[in-house]
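# Give me coordinates for this.
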Amino acid sequence: MEVAVSAAWWVVTKALAPVTDGLLEAWAASAGLGPNIDALKMQLLYAQGMLNNAQGHGRDITNPALKGLLHKLRQLAYVADEALDELDYFRIQDVLDGTYHAAAVVDDSGCLQGLVLNARHTARAAAGKIKSMSSCSHSASPPDDQEDIGGSPGRAVQAVAKHLPCCYSSPHTSELAESPNMPAASRWWLFCGACPPKVPAQRVNTKEGAPKLKFDRVEMSKRMIDIVDQLKHVCAMVSTILNLELLSLSRIPTQVSIAMDRPRTTPQIIEPQLYGRDTQKKEIIDAITHGEYSCKRLTVLPIVGPGGVGKTTFTQHIFEEVKSSFQVAIWICVSLNFIADTLAQEILEQFPKDNNSEKNSSKEEQIEQRLRSKRFLLVLDDVWKYHDDEWRKLLAPFKKVGTQGNMVIVTTRIPGVANMIRTVDHSIEMEHLGLEDIMSFFEACVFGDQQQPWQDHLELYDVGCKIVKKLKGFPLAAKTVGRLLKKQLTFDHWMRVWESKEWESQASDNDIMPALKLSYDYLPFHLQQCLSFCALFPEDYEFHAKELVHLWIGLGILHSDDEKRRIEDVGLCYLTDLVNQGFFKKNESRLGGPYYTIHDLLRELVAKVSSYECLSISSSNVMCIEIPPFVRHLSIIVDDADVKDTMTFENYKRDLCALEKRLEVQNLHTLMLFGQYHGTFSRVFCGLFREARALRTVFLSDASYNLEDVLPNFSKLVHLRYFKLAGFGDDKGLCVAGVLCRLYHLEVIDLQGWRGRFGSTRHISTLVKLGHFVVPREELHSDIFEVGKLKFINELKTFRVGQESNMFELSQLGKLENIGGLLGIYNLEKVQSEEEATKSRLIHKSHMQELILEWYVQRSNRDPTFEENVLERLVPHSNLQHLYIKGHGGTNCPRWLGVNLSIKNLESLYLYDLSWGNLPPLGEMWMVNDLGAVYKDCILGQGFQNLKRLELVKIPRLRKWVGDNNTCHLFYHLEELTIEDCSELTELCFPDLSCGLRQQEKSISWFPRLKSLGIHNCPKLLSLPPIPW
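Sure, this is the predicted structure:
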């Protein structure tokens, strides 16, 4: 029951998130919703506790009734989550706007305005009913009237409100309302429903910004009461059946025991011929018999690859061919049973009985005695776990064998295990077979050993080739589909298997999908979640680490129990775990940065197991794909090859239109659109997604349209957490930044690839939960007004001091404790006081990686002493990795970068246009003063131990940079060195010194790792240091 229970528990826990700090409850109480929210919270807490108690038992649900009820509970938790999330949206709106449209406060007279608020909302609700029943013809209000909660409730509301005791209106109401001396709180007595404001709220142009949404307290109250009633009923039934299930756990095998009961492997060869592995096999056999492995006492060689790729078959062939070279050859099938004592007993049982062995000896001692002076080969097949103590205990007797050439071969599908146990430089990675080799194996599986397999079945060849391409080089997949196809060698049967992908539904232990699913089932639930959403992306999609982490943040699946651990670090840890578990493969791009891919068959597996909520529709399967009733995460992929002419375009357009009747778009939480030409269907998408208002994640790739062309109600997506837009639109489209400013729950905005209209980012600070604002132009960061409100922001590329008012003072930065990437501070010449610099609190930003401090170089007035004191107070945290200082007008290097060096872990240092009389601890420097006198500048003590990049540009006082025995260690890691426009520099002298290095490193010169050296416009430079190339 583990997955179903964990899935329900996760949604319930997410629904409870808004009511954990008390803010929403207090606000709701003032809005007259206190009892509702308390009842809903208590019911969700009950469900959470019940599900929490049922977790950790490791067994899938077999009871269909319980499975259905848990599914129902999960759907109700989603509904509760949406209600509480919507409430929190209006709470944030009230706080930001300084209004009480949704919640009341107590005024100066001590009279609770909640009564007035209640009357107003009740009047609106009643008026709606009266209006709907009225046969009188009234002119319809423009839609925007209902968008602004500060607007007039309408005549019907006034008519009803006249009869409410709290709604008194006098002829002087309007005059009072217009009085500038009238307190805002007092105006509540005038405008409760019968008395609309004299001046209607100003409308916002939807092309420049989003309208303010209204809050319907009466409707929300009804929703919450209904949710509580349903939760009580379902929770009672789930609790009863869960208790019965838990009682029976001791009598039913768990998921772990089922996995351990899988067919056990043996060294006997099942597949007589090995396809596509001959070269790799020969290299390993040669290394074992007379190569590098034969000279070592003990070699641990892991063979790693996904399930079904052929690791065991490959190892069986190696075992058979080399066993004669060993006096002892043992094969153990480990599976999940990695317990040293148990494995030692299995190993002992494979030795011939020895009557001379000590009966009281331990298993390890007996193994050691029987292996004495013997060369051994031990194969540990299908290893899943690694525990350091258990591994050391198992290997201890084998390490004591004195002979050469002993081997331990381990097969595993988990790269993390292979990396921990190997004694060789690299594990043997089993890749999928090439197309020619998998075709040969497929032919053997279907036709046996026929020499010309297709001769009698030419009509099957084309469809056979299509099927083989779908197997993605997995031998086990070829065996699975081969068993299906050989039953009937007819065209109709093969086409049916091809179209239905019937091999994916085969459930035998020897079939491909169960083999792959075992790896998926072995993952903890939080990693299963992270992986599930990756199936929404196209095949062979190249993921980048930040992109994945941002997506997981937006989906709400990253959590940290440690307040000091950033959620971004949790995401990177999850990604590493998925790489170590073999689901993601890490690759290096041509540009040098890493990217991650997921194998096609693994992607298909993940899509299959998560299909109850996640669905990916491609242009080739729109009509044939089954759409579950509760899909919440959807991607639509338009393959260019499928929409190649007018006919295919019209067919696909028709199929998309038909989706409206098959898809419950109001349930959607995620929408992703891919494909270069998907924008040509924008009108269809507009109609399809008009009612998709519960969206939390929107990912639009290759957009060739304006945002409102696809999502006409985008400004009403109050639940939106993640928004990524790439492509281009026209200048007449919606201002993206403007419409985002009302979506208060946004945590990630990625517009790096957007080439359309941005608009002003001035009011982005209303997005108080925003953590990542990824944009292509730096000014989109620098224009943000009151940036200090964005206390969760991870990176701020540009902050310009004093750009307009005190809203651009350095004190704004003091509130940004979560900065984890780059912080760029410009126009520092506009700092008004030294205290302002202190308020930036840079020293408290422990996660900040990169800092830019820049003064405007062309300024006419400089105050060296003041600027020196300002820089002294801009002390960064010791964890800083990259520092850039430009245009500082002081005469000395700050103490935190010099005599009291506090940022010793720097990897990059850039100094530009500085007239300092001394420099950071970079060795022996000779400087020149204003009178032309040369003096030695050398800051002693430990310097930068990890410095990889150093740039010195326009340092007019630098005369000589000389190395000595005490400073050469500073440059052991330096890879890039750039010196430019140093007009007085005459000498760079770094002799070839051993400088106390270890004996084997005596020959290392200065800059042993230098890859790039750039020296430009230094006219007096007479010598260069030795270069290690």
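# switch to C-alpha atoms for all contacts and neighbour counts from now on
OK.
# I'd say L536 and R632 touch.
No. Contact between L536 and R632 fails when scored by Cα atoms under 8 Å: they sit 11.6 Å apart.
# Pick out whichever of those two has more residues nearby.
L536 (25 against 22; other Cα atoms under 10 Å).
# re the thing from before, for L536 and R632, list the residues in contact with both.
C614 (Cα atoms under 8 Å, 6 or more residues apart in numbering).
# how many other residues sit next to V19?
Here the count is done by other Cα under 10 Å, and V19 has 17 residues near it.
# just L548 next, same as before
Residues lying near L548 (other Cα under 10 Å) number 18.
# so which strand or helix has it?
helix 545-555 (DSSP states H and E).
# Alpha carbons of that helix, in CSV - could you do that?
Taking C-alpha atoms only, helix 545-555 is exported to CSV below (Å, rounded to 0.1, in the frame of the first residue of the first chain):
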residue,chain,number,x,y,z
ALA,A,545,20.2,20.9,-13.3
LYS,A,546,18.7,24.3,-12.6
GLU,A,547,15.7,23.6,-14.9
LEU,A,548,14.9,20.4,-13.1
VAL,A,549,15.3,21.9,-9.6
HIS,A,550,13.1,24.9,-10.5
LEU,A,551,10.4,22.6,-11.9
TRP,A,552,10.4,20.5,-8.8
ILE,A,553,10.2,23.7,-6.7
GLY,A,554,7.2,24.8,-8.7
LEU,A,555,5.5,21.4,-8.3
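# How far off centre is it?
Here the centre of helix 545-555 is set off from its chain's centre by 3 Å, with Cα atoms, centre = their mean, to the nearest Å.
# what comes up buried for it?
545, 548-555 (16 or more other Cα atoms under 10 Å).
# And for stretch 919-931?
Buried-residue list, stretch 919-931, by 16+ other Cα under 10 Å: 919-928.
# Ok, stretch 653-666 next?
Buried residues in stretch 653-666 (16+ other Cα under 10 Å): 653, 656-657, 659, 663-665.
# Narrow these to those in helices?
653, 656-657, 659 (DSSP state H).
# ok, which pair from the buried residues of stretch 653-666 is furthest apart?
K653 and E664 (18.7 Å; Cα to Cα).
# quick one: the residue nearest to M420 when sequence neighbours are not counted from I330, how far?
Closest residue to M420 apart from its sequence neighbours, by Cα to Cα, 6 or more residues apart in numbering: Y386 at 7.7 Å. Separation of Y386 from I330 (Cα to Cα, to the nearest Å): 20 Å.
# is it true that L823 touches R800?
No. L823 lies out of contact with R800 (Cα under 8 Å); the separation is 11.1 Å.
# just checking, Q881 touches E850?
Yes. Q881 lies in contact with E850 (Cα under 8 Å); the separation is 6.0 Å.
# higher neighbour count, the two?
E850 (23 against 20).
# what bridges to that one?
L822, H882 (DSSP bridges).
# What's the local residue count around the closest residue to V775 other than its chain neighbours?
Leaving out its chain neighbours, the residue that sits closest to V775 by Cα to Cα, 6+ apart is Q752, at 4.5 Å. Neighbours of Q752 under the rule other Cα under 10 Å: 15.
# in which helix or strand would I find Q752?
Short version, using DSSP H and E: Q752 is in no helix or strand.
# before we move on, the earlier item: just the buried residues of stretch 919-931: which are in strands?
924-928 (DSSP state E).
# before we move on, back to that, include distance to K815 and pLDDT when you put the ones in helices among the buried residues of stretch 653-666 into JSON lines, please.
Listed next are those as JSON lines, based on distance: Cα to Cα, whole Å; pLDDT from 0 to 100:
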{"residue": "K653", "distance to K815": "50", "pLDDT": "84"}
{"residue": "L656", "distance to K815": "48", "pLDDT": "84"}
{"residue": "C657", "distance to K815": "49", "pLDDT": "86"}
{"residue": "L659", "distance to K815": "47", "pLDDT": "85"}
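# Pick the one among the residues you listed closest to A80.
Nearest to A80 among those, with distances taken as Cα to Cα, is L659, at 26.9 Å.
# Enumerate every residue touching F799.
With Cα under 8 Å, 6+ apart, F799 has these contacts: 781-782, 808, 823-826.
# Show me those residues that map onto strands.
823-826.
# Report the residue spans of the stretch 851-1000 of the chain with pLDDT below the cut-off.
Applying pLDDT under 70 to the stretch 851-1000 of the chain flags residues 939-942, 963-970, 990-1000.
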